[in-house]
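Engineer: Quick check, what structure comes out for this input:
(one chain, ligands or ions: 2)
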Amino acid sequence: MNINNVRFEASYGTAAQLPASDLPEIVFAGKSNVGKSSLLNKFFNRKSLARVSGVPGKTTTVNFFRLGNARFADLPGYGYAKRSDTEKRRWGELMEGFFAGRRQIRLVVQLLDMRHAPTADDRTMLEFLSGAGLPFAVVLTKCDKLNKSERAKQRASFAQEQALSGAVQVIEASSVTGEGIEALRRLVEESLEEA
Ligand SMILES: Nc1nc2c(ncn2[C@@H]2O[C@H](COP(=O)(O)OP(=O)(O)OP(=O)(O)O)[C@@H](O)[C@H]2O)c(=O)[nH]1
Ligand SMILES: [Mg+2]
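Structural biologist: Ligands and ions are numbered 1, 2, ... in the order given. Have a look, this model is predicted:
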């Protein structure tokens, strides 16, 4: 996997536009503002491959990035309260269409903010992933924002979470320091190698 060869492929705002899944996919999911786009940029060692914002709800479309024979999807975040009802409906339909679309998902990278317990929406998402039998890893983001003792405390509390028990791996990561990125790259590489 040569991460330098990544390129933006396309954006889709409705499920009907989504093309059939013809390549193995790695999907980045999580609530709005948790750091999906930032993590993708760090993963590919690019400043602005995926657009990042301090304002929640930046990514509103499914964005595909192509690397060799694999596709990476940056999903719009959930749980952004200020979105209009119309926007929420569009988001719901887009996500349903995405996951119902017989995709070749090799791994879902589910992001959770390491500073906080999972939200109700996070739990719904984790239950969905488990129920659908999708392989998923949990990335605990923004770990740079915790001091040593806070981090130990949050690590212990996430380890107790039933909702995370199905994860193939739990990785503490930071898009600021780059911590956890190598571990994530290895896992992604393994997931793409498996037949
Ligand atoms: N300190 C710190 N800040 C981060 C980290 N990752 C992301 N951020 C910040 O969090 C904010 C949101 O990041 P995004 O990457 O846009 O989040 P997103 O999950 O893609 O959000 P949506 O597109 O709204 O779903 C930005 O201000 C980032 O700079 C991290 O690891 N550490
Ligand atoms: Mg985003």
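
Engineer: Now do the longest helix along the chain, average pLDDT.
Structural biologist: Determined from DSSP state H, the single longest helix within the chain is helix 85-100. Helix 85-100 shows a mean pLDDT of 86.

Engineer: which is the next helix or strand following it?
Structural biologist: Following helix 85-100 in sequence order, the next helix or strand is strand 105-113 (DSSP states H and E).

Engineer: ok, and what's touching that next one?
Structural biologist: Contacts to strand 105-113, defined as Cβ atoms under 8 Å, 6 or more residues apart in numbering, come from residues 21, 24-31, 34-36, 39, 70, 118, 122, 125-126, 129, 134-142, 158, 167-168, 184, 187-188, 191-192, 194. Just so you know, the C-beta spots here come from the backbone N, C-alpha and C atoms, and that holds for glycine as well.

Engineer: Buried subset of these as a PyMOL selection?
Structural biologist: To isolate the buried ones among the contacts of strand 105-113 in PyMOL, judged by 16 or more other Cβ atoms under 10 Å, type:
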select buried, resi 24+25+26+27+28+29+30+31+34+35+36+39+70+118+122+125+126+129+134+136+137+138+139+140+141+142+158+167+184+187+188+191+192
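
Engineer: near ligand 2 too, which of the contacts of strand 105-113?
Structural biologist: residue 36 (Cβ under 5 Å from the ion).

Engineer: Inside strands: which ones of the contacts of strand 105-113?
Structural biologist: Members of the contacts of strand 105-113 lying in strands (criterion: DSSP state E): 25-29, 70, 136-141.

Engineer: quick one on the thing from earlier: could you confirm whether any residue of the longest helix of the chain contacts ligand 2?
Structural biologist: No: figure legend: helix 85-100 not in contact with ligand 2 (Cβ under 5 Å from the ion); closest approach 12.7 Å.
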